[in-house]
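[1] model the following, please.
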Amino acid sequence: MSKRPPGKTKQAPGDAPPTKAERRDAARRERQELVRKAAIRRKRRRLATILGVVVLVAGIAVGIVLAASGGNGSKTPVKQTLPGMLTTNAPWPANSAQALTRANDIGLPPVGAETFHHHDILEIFVHGQAVRIPADIGLTSSSGASMHTHDPTGIMHLESDSRFPYTLGDFFDVWGVRLTRSCIGGYCASGANHLVVYVNGNAVGGDPRTIKLGQHEDVVVTFGTTKELPSPIPKTYSVNISPSCTGSC
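    Reported below is the predicted structural model:
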């Protein structure tokens, strides 16, 4: 029996080194695996981006709904159109025939026991001329909205069973006179003419409809050029201005 040379063993068939073709094939499979993993990562990033956009859009939609509802869920969303709205030039009548319908449409509470009873004054100037605020806005012969006037002094009465976030836009809706960021009645901003609202002598930016009404606020709505603004801008509420509630308003 012959002996194997020292230091050498017989190589098993399975231990043979890979051929050049096998190495190329292994490298190709490795590249394919890297490409597959990269594609998965790209797909995941795309899905994350899409999900982020969806969440953002949903948040914006919720914000719009909250803004329309007064921001605290205490109001119903305002209808796009309210009955009997006036888009004509001043002067404007009390326009109370459909005031209760409009008040209900925008989600105002009923007058109730009047445990909440605030007063603010509204003054309107168009091209430098004072516009008369009529009596009986929001009132009919048998009932009334929780925002109304009793006389032509401009005193706005805010009355309900409990505290409510009344706004300037609410009052104009009850009155039935258009008020937007740039329009009042039939007047809309153009050229040098602008709609500017002041509260207690201070100009308020943004949407005038969202201005919250507190107690004894002097709200001045102006339309026209800068030169046509009243000087000085009214800024003081007077408790004695209204003959229908002297001393108690």
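
[2] tell me how many other residues surround the closest residue to residue 202 other than its chain neighbours.
    Distances taken as C-beta to C-beta, 6 or more residues apart in numbering put residue 235 closest to residue 202, at 7.7 Å, once the chain neighbours are dropped. Where you see a C-beta, it was placed from the backbone N, CA and C, and this is true even at glycine. Other residues lying near residue 235 total 13 when counted by other C-beta atoms under 10 Å.

[3] list the residues that contact residue 235.
    Going by C-beta atoms under 8 Å, 6 or more residues apart in numbering, residue 235 touches 198, 200, 201, 202, 218, 220.

[4] I figured residue 165 hits residue 214, correct?
    No: counting by C-beta atoms under 8 Å, residue 165 stays clear of residue 214, with 10.2 Å between them.

[5] strands - which of the contacts of residue 235 land there?
    If you go by DSSP state E, those have 198, 202, 218, 220 in strands.

[6] show me the shaky parts of this protein.
    Applying pLDDT under 70 to the chain flags residues 1-15, 52-80, 246.

[7] break it down into its domains, please.
    19-68, 99-228 (automatic domain parsing).

[8] need the contacts of residue 235 in CSV (columns: neighbour count).
    As requested, the contacts of residue 235 are arranged in CSV below (neighbours: other C-beta atoms under 10 Å):
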residue, neighbour count
198, 20
200, 16
201, 12
202, 10
218, 19
220, 24
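
[9] okay if I get those as a markdown table plus distance to residue 245?
    Conversion of the contacts of residue 235 to a markdown table gives the following (distance: C-beta to C-beta, whole Å):
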| residue | distance to residue 245 |
| --- | --- |
| 198 | 24 |
| 200 | 20 |
| 201 | 23 |
| 202 | 26 |
| 218 | 16 |
| 220 | 21 |
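
[10] between these, which is nearest residue 129?
    Distance to residue 129 across those (C-beta to C-beta) is lowest for residue 220, with 13.3 Å.

[11] once you drop chain neighbours, what's closest to the closest one?
    residue 198 (4.3 Å).

[12] shouldn't that neighbour be in contact with residue 208?
    No: if you go by C-beta under 8 Å, residue 198 and residue 208 don't touch, sitting 10.0 Å apart.
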